[in-house]
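Trainee: model this:
(2 chains)
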Amino acid sequence: DAGVIQSPRHEVTEMGQEVTLRCKPISGHNSLFWYRQTMMRGLELLIYFNNNVPIDDSGMPEDRFSAKMPNASFSTLKIQPSEPRDSAVYFCASSLAYGVTNYGYTFGSGTRLTVV
Amino acid sequence: DQQVKQNSPSLSVQEGRISILNCDYTNSMFDYFLWYKKYPAEGPTFLISISSIKDKNEDGRFTVFLNKSAKHLSLHIVPSQPGDSAVYFCAASAKGGSEKLVFGKGTKLTVNP
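Mentor: Residues are numbered from 1 along each chain as shown, chains lettered A, B, ... in the order given. The predicted model follows:
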């Protein structure tokens, strides 16, 4: 298995532009999570899906952020319009159960977003 | 309100010595704890976990200790190796691990040869 695949690996965009991050979870996993990592706040959970349905989006910072999971093998995180304070590393993770297994979540390599 | 706290942003140890990484939590509902390891430009990877019914779990050079009364857990690495240099995240979950993970901010471990 190729693991959780995220694209792009790096994204540099200008303030005000729309940014779309993509994630392909591990086949067979039924839960998908979007995290954001910053120095100040560490790893923050933005939103998670179970069986393609959003379960908890309380971590989404504001209306500029939206996430979709149209099918079991694909999810997007969109920021529109982007702002410099959105600069961070965004991780996608997937897991087999509704919650964690003994091995927790499997993370992708992340997308480093820079908004200038 | 940080429910999982790693108060040491960094730690430096000599190769062969013990590394001790600490983590405190405030939510008494947490009953499942994990440690993740993260190398630069990679996602976090699972390292070791412990349920609240135990106070110790060991896997090779890695041991996690849980003190429920103090709401404290620690990760011991013995002996430390240069390849252990990474950022270590503590994470917690409730309901036996079925709730979402809450992460600490991480501790950067540097093992010097």
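
Trainee: switch to C-alpha atoms for all contacts and neighbour counts from now on
Mentor: Will do.

Trainee: Where does the prediction get shaky in chain B?
Mentor: Applying pLDDT under 70 to chain B flags the ranges B:1.

Trainee: For it, just list every one of the strands.
Mentor: B:4-5, B:10-14, B:19-25, B:30-38, B:45-51, B:56-59, B:62-67, B:72-77, B:86-94, B:102-103, B:107-112 (DSSP state E).

Trainee: how about the residues of chain B near chain A?
Mentor: B:34, B:41-49, B:97-106 (Cα under 8 Å from any Cα of the partner chain).

Trainee: mind redoing it with 7 Å?
Mentor: For chain B, the residues in contact with chain A (Cα under 7 Å from any Cα of the partner chain) are B:41-46, B:49, B:97-100, B:103-106.

Trainee: Select only the buried ones of these in PyMOL?
Mentor: Remark: buried members of the residues of chain B next to chain A, expressed as a PyMOL selection using 16 or more other Cα atoms under 10 Å in any protein chain shown:
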select buried, chain B and resi 43+44+45+46+49+97+98+99+100+103+104+105+106
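
Trainee: quick one: which two of the residues of chain B next to chain A are the most distant?
Mentor: Greatest spatial distance in these: B:Ala41 and B:Ser98, 28.3 Å, computed using Cα to Cα.

Trainee: Go through the residues of chain B next to chain A and say which is closest to A:Leu77.
Mentor: Of these, the one sitting nearest to A:Leu77 (Cα to Cα) turns out to be B:Gly43, at 17.1 Å.

Trainee: show me the contacts for the closest residue to the closest one other than its chain neighbours.
Mentor: Spatial nearest neighbour of B:Gly43, chain neighbours left out: A:Ser109 (4.3 Å); criterion: Cα to Cα, 6 or more residues apart in numbering or on different chains. Applying Cα atoms under 7 Å, 6 or more residues apart in numbering or on different chains to A:Ser109 gives the contacts A:Gln6, A:Phe91, B:Ala41, B:Glu42, B:Gly43.
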